[in-house]
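Peer 1: Next input, structure requested:
(2 chains)
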Amino acid sequence: MPEQPGKSAIEVRGVRKVFGTGESQVAALDTISVSIRENEFFTLLGPSGCGKTTLLRLIAGFDFPSAGEILLHGQDIAPLPPFKRPVNTVFQNYALFPHMTVAENIGFGLEMLGKPKADVKARVAEMLKLVKMEALSGRRTSQISGGQQQRVALARALAPQPKVLLLDEPLSALDFKLRKDMQIELKRLQHETGITFIFVTHDQEEALTMSDRIAVMSSGKILQVGTPWDIYDKPAERFVADFIGETNFLTAAISGMANGKARATLKSGATIDATVAEGFQPKDNATVVVRPEHAKLTSSKGDLSGTVENIVYFGTDTHIHVRLDSSEAFTVRQQNTRSAGCGFERGDKVGISIGNDAAQVLRD
Amino acid sequence: MASRFDIRRQTGFTTIAMICFFALYLPIVTVVVYAFNAGSSIAIWEGVSLRWFYQAWNNDQVVDASMRSLQIASVAATIATIVATMAALATTRTKPYPGLGLKYAFINQPLMVPEIVTAVALLIFFSRIKIWTGYSGLGYLMAAHTAFCIPFAYLPIRARLENMDLSLEIAAADLYATPWKAFRRVTFPLLWPGILAGLMLAFVISLDDVVITEFVKSGGQDTLPTYMLGQFRRVITPEINAISTVFLLISILIVTVFFFISRKKDQE
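Peer 2: Predicted structure coming up:
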């Protein structure tokens, strides 16, 4: 998908971060370049140790890159200390000041910027309203709940009106219900303030539901940048397809390209059209991915055929695990209806039909 | 019913605890009781009186030595605490590096080197300086006390710093606080109980010192402990008990004040 033009808030250029020296040297970030647009909700997604938090710390100024530039509205901020960057952070553990009240916490940044007392007071009141914490402004931060601390941390980071807000897995300490509420709350705040949010998470569902765009990271590299829809439906590499959602991997022979799509011949002999990942180099054998909900199980012959191995009921849908005749594994997700079972039983010989626009060829 | 087995209860533990308690506190109780003795023996009880307190209060040498002790302890504890705070910040607010352990050892050196060695070393060192400068005031005692007070002030401050969440200081920096402002507004208020503990510990240690003071002091520079030691060589009266009792009261007062301050801080 072509990059849409838009002013970039943060431009990361060839950034490398190496920890340690000599043989124990580890590259936490391996020459990364990415452009984050103004007013966008941008997510860095990846497993722990992929470098997403390191990148966030470099943008915040808690660490300095070993090489490369970080531009904020065109100006290189990589050598600046954190207190000189118009960027604020919401920390994973909130890091609220325990010896200050809620209001004092929220006003801290403005006070440090030397704003007049009256302005600070007005802005703190505005922030308390924004995060719905007016009633608790005089409380110590140890006297409020985890969800409330989260709101204070957000208000504190938003109060100085930063150019960019960095969020380091801020929802990971909350329980499920509260996390869902805060996801919506965060989207609302981003929308209302118009500030660029850079959000770090390892939770792929959180990333899909909240982000305008996602960068999937692994082992210090960015593998793919795109909208949630891009990332989910058109994964570029095996890691991306596997990390986000569930998926089926099939080996296929590529016999040619037509209308921007590849003709892929599966091991079953069926030939399907598949979209191709960006940067795909035509080659004979490639991996094709099909999401479980984009395939249909039939009792007649389909594109693939196999035997039902296991059936798992999930409430909203049922996962049917099929062992293909080619000995590959394949899962089909089927929407449940209230009155009937899924219509198949373990040991059934079944066919699988892959929809018209369901397959994607990976580049690796 | 026989008492049930409980892993937390050790047989004979109560007895051992009682013995320890008596061994620790019985002598102190004796000292305090005989401070009120009407007679002039520290072993034969002759009735209740406050005469030894009066006598100590009117003894110029005692008052003089006490004032000197307090003066030295105040100066030494203050300087030691400032140095210790800086040392604690420098050794905890950094990534571990080779040689850090050696620095800990350096700072804590007075705890490990036998006091008598330090005393002799200081005696020789200061006598040189005395010859060069001609100065023979209280400064030597203050410097010596500062030196051995540093580790006592350092330990509680470092302990407090190590328990403090480093992300608070990072958050302050993120919110536009310069390093100095971050220290003043975040680190220092949270570190305060540790600094106070260090200060009080250093104060008490200085007040209590005999060996180094005995070696370093010039004529007429007796502190209270060295004065008391001198008295033991002559005749022992309950005046010594009275002085000790006042000392004990001051110590208890300091510890109590600190306890309430730190508890209040922790509740916040």
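Peer 1: Look up how far chain A lies from the nearest residue to residue B:232 once chain neighbours are set aside.
Peer 2: The shortest distance from residue B:232 to any non-neighbouring residue, by C-beta to C-beta, 6 or more residues apart in numbering or on different chains, is to residue B:240 (7.5 Å). All C-beta spots, glycine's among them, are computed from the backbone N, C-alpha and C. Distance of residue B:240 to chain A, given as C-beta to the nearest C-beta, to the nearest Å: 45 Å.
Peer 1: Run through the residues that contact residue B:240.
Peer 2: For residue B:240, the contacting residues are B:42, B:228, B:231, B:232, by C-beta atoms under 8 Å, 6 or more residues apart in numbering or on different chains.
Peer 1: Doesn't the second one belong to a helix?
Peer 2: Yes - according to DSSP: H, G, I helix; E, B strand; the rest coil, residue B:228 belongs to a helix.
Peer 1: List the buried residues in the helix or strand containing residue B:147.
Peer 2: Residue B:147 belongs to helix B:139-163 when assigned by DSSP states H and E. Residues of helix B:139-163 classed as buried: B:140-158, B:160-161 (neighbour count, 16 or more other C-beta atoms under 10 Å in any protein chain shown).
Peer 1: same deal with stretch B:53-60?
Peer 2: B:53, B:55, B:56.
Peer 1: Equivalent analysis for stretch A:270-284, please.
Peer 2: For stretch A:270-284, the neighbour count (16+ other C-beta under 10 Å) marks A:270, A:272, A:273, A:274, A:276, A:277, A:280 as buried.
Peer 1: rewinding a little: filter the contacts of residue B:240 down to the buried ones.
Peer 2: Among these, those classed as buried by 16+ other C-beta under 10 Å are B:42, B:228, B:231.
Peer 1: Name the SS class of the first one, please.
Peer 2: The local conformation at residue B:42, judged by three-state DSSP, is coil.
Peer 1: next one: phi and psi at residue B:255?
Peer 2: Main-chain torsions, residue B:255, degrees, to the nearest 10: phi -60, psi -40.
Peer 1: Just the pLDDT for it.
Peer 2: If you check residue B:255, the pLDDT there is 80.
Peer 1: same question, residue B:86
Peer 2: For residue B:86, the pLDDT comes out at 93.
Peer 1: that's a strand at residue A:363, yeah?
Peer 2: No - counting by three-state DSSP, residue A:363 is not found in a strand; it is coil.
Peer 1: isn't it right up against residue A:275?
Peer 2: No - between residue A:363 and residue A:275 there is no contact under C-beta atoms under 8 Å: 11.7 Å.
Peer 1: What residues does the stretch 51-200 of chain A have near chain B?
Peer 2: For the stretch 51-200 of chain A, the contact set with chain B under C-beta under 8 Å from any C-beta of the partner chain comprises A:60-62, A:81-84, A:87-89, A:91, A:93, A:95-99, A:108-109, A:112-113, A:140, A:142, A:156-157, A:160.
Peer 1: which among those end up buried?
Peer 2: The buried subset of those - by 16+ other C-beta under 10 Å - is A:60-62, A:82-83, A:87-89, A:91, A:93, A:95-99, A:108-109, A:112-113, A:140, A:156-157, A:160.
Peer 1: What ranges in chain B fall below the confidence cut-off?
Peer 2: For chain B, applying pLDDT under 70 flags the ranges B:1-3, B:262, B:264-268.
Peer 1: Helix B:139-163 and the biggest helix by length in it, what's the angle between them?
Peer 2: Longest helix in chain B by number of residues (criterion: DSSP state H): helix B:60-92. With axes from the mean of the first three to the mean of the last three C-alpha atoms, to 10 degrees defining the directions, helix B:60-92 sits at 40 degrees from helix B:139-163.
Peer 1: could you say what helices and strands helix B:60-92 packs with?
Peer 2: helix B:100-107, helix B:139-163, helix B:188-208, helix B:224-232 (3 or more C-beta pairs under 8 Å, 6 or more residues apart in numbering or on different chains; DSSP states H and E).
Peer 1: Strands along the stretch 151-300 of chain A, start to end?
Peer 2: All strands of the stretch 151-300 of chain A, identified by DSSP state E, counting those that start in this stretch, fall at A:164-168, A:196-201, A:213-218, A:221-226, A:248-258, A:261-266, A:271-276, A:285-290, A:295-298.
Peer 1: For whichever residue of the stretch 201-350 of chain A sits closest to chain B, list each beta-bridge partner.
Peer 2: Nearest to chain B in the stretch 201-350 of chain A, going by C-beta to the nearest C-beta, is residue A:201, at a distance of 18.3 Å. For residue A:201, the beta-bridge partners are residue A:45 (DSSP bridges).
Peer 1: Give the full set of residues in contact with it.
Peer 2: Residue A:201 touches A:43, A:44, A:45, A:169, A:171, A:172, A:207, counting by C-beta under 8 Å, 6+ apart.
Peer 1: Do you know the pLDDT at it?
Peer 2: For residue A:201, pLDDT reads 93.
Peer 1: returning to what we had before: residue A:164: which of the contacts of residue B:240 is nearest?
Peer 2: Among the contacts of residue B:240, residue B:228 lies closest to residue A:164 (C-beta to C-beta), at 67.3 Å.
Peer 1: Three-state assignment for residue A:310, please.
Peer 2: strand.
Peer 1: ok, now how distant is it from residue A:349?
Peer 2: Per C-beta to C-beta, to the nearest Å, residue A:310 is found 15 Å from residue A:349.
Peer 1: same check, this time on residue B:33
Peer 2: With C-beta to C-beta as the criterion, residue B:33 and residue A:349 are 99 Å apart.
Peer 1: Out of the residues of the stretch 51-200 of chain A next to chain B, which sit inside helices?
Peer 2: A:60, A:108, A:109, A:112, A:156, A:157.
Peer 1: Nearest residue to the fourth one in space, ignoring adjacent ones along the chain?
Peer 2: Looking back up the chat, that one is residue A:112. Nearest non-adjacent residue to residue A:112 (C-beta to C-beta, 6+ apart): residue B:176, at 4.0 Å.
Peer 1: distance between whichever strand or helix holds residue A:118 and the chain's centre?
Peer 2: Per DSSP H and E: residue A:118 is located in helix A:117-130. Put simply, helix A:117-130 sits 32 Å off its chain's centre (C-alpha atoms, centre = their mean, to the nearest Å).
Peer 1: Output that helix in PDB with nothing but the alpha carbons.
Peer 2: Output in PDB follows, covering the C-alpha atoms of helix A:117-130 (Å, rounded to 0.1, in the frame of the first residue of the first chain):
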ATOM      1  CA  LYS A 117       0.400  29.900  38.800                       C
ATOM      2  CA  ALA A 118      -3.000  31.000  37.500                       C
ATOM      3  CA  ASP A 119      -2.400  29.300  34.100                       C
ATOM      4  CA  VAL A 120      -1.200  26.100  35.800                       C
ATOM      5  CA  LYS A 121      -4.300  26.100  38.000                       C
ATOM      6  CA  ALA A 122      -6.600  26.600  35.000                       C
ATOM      7  CA  ARG A 123      -4.900  24.000  32.900                       C
ATOM      8  CA  VAL A 124      -5.000  21.500  35.800                       C
ATOM      9  CA  ALA A 125      -8.700  22.000  36.200                       C
ATOM     10  CA  GLU A 126      -9.200  21.500  32.500                       C
ATOM     11  CA  MET A 127      -7.200  18.300  32.600                       C
ATOM     12  CA  LEU A 128      -9.000  17.000  35.700                       C
ATOM     13  CA  LYS A 129     -12.200  17.500  33.800                       C
ATOM     14  CA  LEU A 130     -10.900  15.800  30.700                       C
END
